[in-house]
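> How does the following fold in three dimensions:
(2 chains)
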Amino acid sequence: MGGPTETFYSVIRRQGMTRRSFHKFCSLTAASLGLDPLAASSIANALETKPRVPVIWLHGLECTCCSESFIRSAHPLIKDALLSMISLDYDDTIMAAAGHQAEAILEETRAKYKGRYVLAVEGNPPLNEGGMFCIDGGKPFVEKLRSMAEEAMAIIAWGTCASWGCVQAAKPNPTGAAPIDKVITNKPIIKVPGCPPIAEVMSGLVTFITTFGKLPELDRRGCPSMFYSERIHDKCYRRSHFDAGQFVEEWDDKNARKGYCLYKMGCKGPTTYNACSAIRWNGGVSFPIQSGHGCFGCSEDGFWDKGSFYDRLATIKQFGIEENADQIGMAAAGVVGLTVAAHAAVTAVKRLTHKSDRAAPKAN
Amino acid sequence: MFVSDVLDRARKLLASVDAEPAERSIGAGTAYAPVRLWHWVNAAAILVLSLTGYVIGTGTPAMSGEASGNFLFGYIRFAHFSTGYVLSIGFLLRIYWALIGNAHAMQIFWLPLWRRRFWREVYHEIRWYAFLTVEPERRLGHNRLAQLAMFFMFTQTMTFLVVTGFALYGQGAGTDSWQYKLFGWVFSIWPNSQDVHTGHHLGLWVIVTFALVHIYAAIREDSCSAGAPLL
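Next up, the predicted model:
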């Protein structure tokens, strides 16, 4: 790994890339981040002058799908991000060092780049039993997370695990898995939810942070606005079918073949903030709805606990029964309706039998 | 300052509600007309919102033809949103009326749960509805049971529905819209807006249940006792 004074530009020049290609890269990155055309020159300037940012990538309770997604980034190419743009000093999944050597890097980075390194966290810590459900390097992961977070410049919460909790925090959550912002409360955390997040979203963010040395604008929930300010629904190419009232009723009906809206099949696009319908996946090839399947809402808080992925209305778990809002509402309205009818009947009987009591005060 | 003024006023209003003769009919005076007007505008809005809201929750049967030739779901959603504005503005005016109107105008917003008299009247009213007593205690304005139902099932639910409704509308209008800026805090409580949708949907059923009881009680009141007129 390169020293701290080396810049991105010097690294790629050494690798034989031309200055022209470098500027092409800067323009492309500026465009993919949604920045204005002049931002390309400030990106170029930053990459020529700023030292590469050291990144520590930790893995807690997770499935490595975030890493799998990340290494498929096309714009920028992951090789550029990993080998040139950042100085990925620690990532136990893909690093060459192992054992004590690997763990020594953590301490070294923590001391040497105090307050200057970025901590990227994939997965989350289980908190029950003192964190014993996830042991990493002989210690509970939560301890490693806390100690590395102390000296970090900023913390990236990769994926829904680190951002919201995801499947390991789904009910009944026996390990007490918790999103990292429950553990780290005194540092800026940027949430990049998704199971996994889109590759270009991940690499785009790394580019932004390393280029400008700060976090991008975050929304109310702590997600970067540039990728999470619109719902899947807002940019869905099937949106016209939604507005027209054209819905798929069954997975194999003719409406499905015509590519109608998957709203009634439980598509969570209208409640999911992510960039799938704009950036798409695997280098812009497709995304779930384009493949004919509704959105799961995988970048949303607690998406495992809302009932079936294929139901329009969420399941409400109360008193051991699982129903949706309509079933509960209709049952309540039915019970009250029957009560009202019974009460009306009793009132009528009472009036007939006590007519004399009532006759006098009746006005209208 | 303003809050304490309102509270002072509310206390005086409570005293005047207690002081008013419970036997006399209100009639159709100028003090009563705005509430009646609001009631029927509100009732119509609730009807439209409930029907369109239910359809939005379940989806329509598929329209035939090209997407460019249809806009059914769009129209249904437009009706829901514009009626939502009518209802919200009406609700704001109703709150304003509660502050400047007569004593009864405050009833659905102000529940004196700490007063013994309130509970005595509630008890009496339960006995009345359970056919255990012949005379209702209060014939002017809402009786105490009605006031409880109004406050907990209507006023609270309406507030919840207006707030969550605008929050959800803000999602579509965009994070830089005034709706999102004003009501986006809802998503700090429920980060997954699916929960907000579910809550909003449950609110529909609370209102439906309330309406059942409300309409029954109003008709019953009209035919059984010599209380307030139905309209």
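> Let me see the ranges of the strands in the stretch 1-150 of chain A.
A:53-59, A:86-91, A:118-122, A:135-136, A:139-140 (DSSP state E, counting those that start in this stretch).
> Go through those strands and pick out the most buried.
The highest average neighbour count among those, using mean count of other C-beta atoms under 10 Å in any protein chain shown, belongs to strand A:118-122 at a mean of 27. Where C-beta positions appear, they are placed from N, C-alpha and C, glycine not excepted.
> Dump the strands of the stretch 1-150 of chain A to CSV, plus distance to chain B and mean pLDDT.
Conversion of those to CSV gives the following (distance: least, C-beta to the nearest C-beta, whole Å; pLDDT from 0 to 100):
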stretch, distance to chain B, mean pLDDT
strand A:53-59, 23, 90
strand A:86-91, 28, 84
strand A:118-122, 18, 94
strand A:135-136, 27, 90
strand A:139-140, 27, 92
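> Make JSON lines out of these and add distance to residue A:293.
Converted to JSON lines, these look like this (distance: least, C-beta to C-beta, whole Å):
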{"stretch": "strand A:53-59", "distance to residue A:293": "28"}
{"stretch": "strand A:86-91", "distance to residue A:293": "31"}
{"stretch": "strand A:118-122", "distance to residue A:293": "25"}
{"stretch": "strand A:135-136", "distance to residue A:293": "35"}
{"stretch": "strand A:139-140", "distance to residue A:293": "38"}
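> Can you say which of these is nearest to residue A:236?
strand A:118-122 (28.1 Å; C-beta to C-beta).
> what angle separates the closest one from strand A:53-59?
20 degrees (axes from the mean of the first three to the mean of the last three C-alpha atoms, to 10 degrees).
> For strand A:118-122, output the C-alpha coordinates as CSV.
What follows is strand A:118-122, C-alpha atoms only, in CSV (Å, rounded to 0.1, in the frame of the first residue of the first chain):
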residue,chain,number,x,y,z
VAL,A,118,-12.2,6.6,6.8
LEU,A,119,-13.8,3.6,8.6
ALA,A,120,-16.0,1.5,6.3
VAL,A,121,-18.2,-0.9,8.2
GLU,A,122,-19.8,-3.8,6.4
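> In chain B, where is pLDDT below threshold?
B:1-3, B:6-7, B:9-11, B:13-31, B:136-141, B:224-231 (pLDDT under 70).
> do stretch A:321-332 and chain B meet?
Yes - judged by C-beta under 8 Å from any C-beta of the partner chain, stretch A:321-332 comes into contact with chain B at A:324-326, A:328-330, A:332.
> residues in contact with that stretch?
Residues external to stretch A:321-332 that are found in contact with it (C-beta atoms under 8 Å, 6 or more residues apart in numbering or on different chains): A:307, A:311, A:313-316, B:54, B:57-58, B:198, B:201-202, B:204-206, B:208-209.
> ok, now with 6 Å
Residues from elsewhere that reach stretch A:321-332 (C-beta atoms under 6 Å, 6 or more residues apart in numbering or on different chains): A:313, A:315, B:198, B:201-202, B:205, B:209.
> Among these, which lie within strands?
residue A:315 (DSSP state E).
> of the contacts of stretch A:321-332, closest to residue A:132?
Scanning the contacts of stretch A:321-332 for proximity to residue A:132, where the rule is C-beta to C-beta, the winner is residue A:315, at 31.9 Å.
> Would you agree that closest one is in contact with residue A:308?
No - judged on C-beta atoms under 6 Å, residue A:315 makes no contact with residue A:308 at a distance of 7.0 Å.
> so what's residue A:202 closest to, chain neighbours aside?
Closest residue to residue A:202 apart from its sequence neighbours, by C-beta to C-beta, 6 or more residues apart in numbering or on different chains: residue A:70 at 4.8 Å.
> per-residue confidence at the one you found?
Residue A:70 carries a pLDDT value of 90.
> cool, the one 5 residues further on as well?
In the predicted model, residue A:75 carries a pLDDT score of 72.
> From residue A:257, how far out is it?
32 Å (C-beta to C-beta, to the nearest Å).
> So if I had to pick from the two, which one is more boxed in?
Ranked by neighbour count (other C-beta atoms under 10 Å in any protein chain shown), residue A:75 and residue A:257 place residue A:75 first, with 18 against 10.
> Quick check on the more buried one: phi, psi?
Phi and psi for residue A:75, reported as degrees, to the nearest 10, are phi -130, psi 100.
> what's near enough to touch residue A:273?
Residues near residue A:273 by C-beta under 6 Å, 6+ apart: A:228, A:231.
> What sits closest to whatever residue of chain B ends up closest to chain A if chain neighbours are left out?
Per C-beta to the nearest C-beta, residue B:205 is where chain B lies closest to chain A, at 2.4 Å. In space, and not counting its chain neighbours, residue B:205 is closest to residue A:329: 2.4 Å by C-beta to C-beta, 6+ apart.
> most centrally placed residue in chain A?
Centrality entry for chain A: nearest residue to the mean C-alpha point is residue A:193, 1.2 Å, by C-alpha atoms, centre = their mean.
> Contacts for stretch A:113-124, please.
A:53-62, A:66, A:109, A:148-149, A:151-158, A:161-162, A:177, A:179-180.
> ditto for stretch B:200-209
So stretch B:200-209 is in contact with A:325, A:329, A:332-333, A:336, B:50, B:53, B:57, B:153, B:157, B:160-161, B:164, going by C-beta under 6 Å, 6+ apart.
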